[in-house]
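**Student:** The following block contains a protein sequence and its predicted model.
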Amino acid sequence: MVDVDKDLHSLIRAAASRGRCTTVNQLVEVVSRETGLPRSWVAYEVYLMWKRGELNIEHEPLENAVMFLASVDGVWYWVTLAITLASLTVVMLVKGGPLMPIRYLLGAVSVLFMPGYSIVEALYPRGDELAPLERLALSIGLSLAVVPLVGLILNYTPWGIRLIPIVVSNTALTIALLTVAALRKARYASTPRDCFT
């Protein structure tokens, strides 16, 4: 039986370094068997070590992009896609009345944030390269740079610069960039890494 937390931490580190990509459940089970301690206590200590940065726990790789998008890691894609499509729907359907503030809000988000956000997510798929404030600032800045380019391109098309072509092309660009970002994130998530370091 282990009495000192230091001994338990060294046992956890030793068990984690023994195998490649051992799951957390297997780690807890092995240490619990070796020490005779309850699994809940060992799991709590593993959690505390992870929170303090003494143990790096990463998720196991997913097999393909569909599994990535169906997992919890893919929720950001579906939420941003829903916001983009909702803004398209509201801007196209709401012409006046009490829903105009929602149209203004979703229209501003789709023009001032979404295109840049999708570019940032495509360029930095890992998620830990930039701080959240840096992501926000880059998203707004890139949106302010990309949306006028879309307008410039539309100026030389038969559709011209009108509401429907602008909204549709902005939405199409955002969805295309979000899909690229999702594929890059899925590729990163599918690369095998050591679960414990």
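**Tutor:** Yep, it's here. Bear in mind that the values here come from a model prediction, so they are computed numbers and not experimental data.
**Student:** isn't Gly160 right up against Leu154?
**Tutor:** Yes - using C-beta atoms under 8 Å, Gly160 is in contact with Leu154, at 6.6 Å. All C-beta atoms are positioned from the backbone trio N, CA, C, and that covers glycine.
**Student:** Confirm Leu37 sits in a strand?
**Tutor:** No - assessed with DSSP: H, G, I helix; E, B strand; the rest coil, Leu37 is coil; it does not lie in a strand.
**Student:** For it, give me phi and psi.
**Tutor:** Dihedral pair for Leu37: phi -80, psi 150, per degrees, to the nearest 10.
**Student:** So for the chain, the centremost residue is which one?
**Tutor:** Computing the C-alpha centroid of the chain and ranking residues by C-alpha atoms, centre = their mean puts Trp76 first, at 5.3 Å.
**Student:** Which helix or which strand is home to that one?
**Tutor:** For Trp76, the host element (DSSP states H and E) is helix 75-93.
**Student:** Tell me the helix or strand right after that helix.
**Tutor:** helix 100-112.
**Student:** Next, the angle from the next helix or strand after that following helix to helix 75-93.
**Tutor:** Downstream of helix 100-112, the first helix or strand assigned by DSSP H and E is helix 114-123. With axes from the mean of the first three to the mean of the last three C-alpha atoms, to 10 degrees as the basis, helix 114-123 and helix 75-93 are set at 160 degrees to each other.
**Student:** Check which residues of the helix or strand that helix 114-123 is followed by are buried.
**Tutor:** For helix 114-123, the succeeding helix or strand toward the C-terminus, using DSSP H and E, is helix 132-155. Residues 135, 138-139, 142-143, 146-147, 150, 154 are the ones in helix 132-155 that count as buried (16 or more other C-beta atoms under 10 Å).
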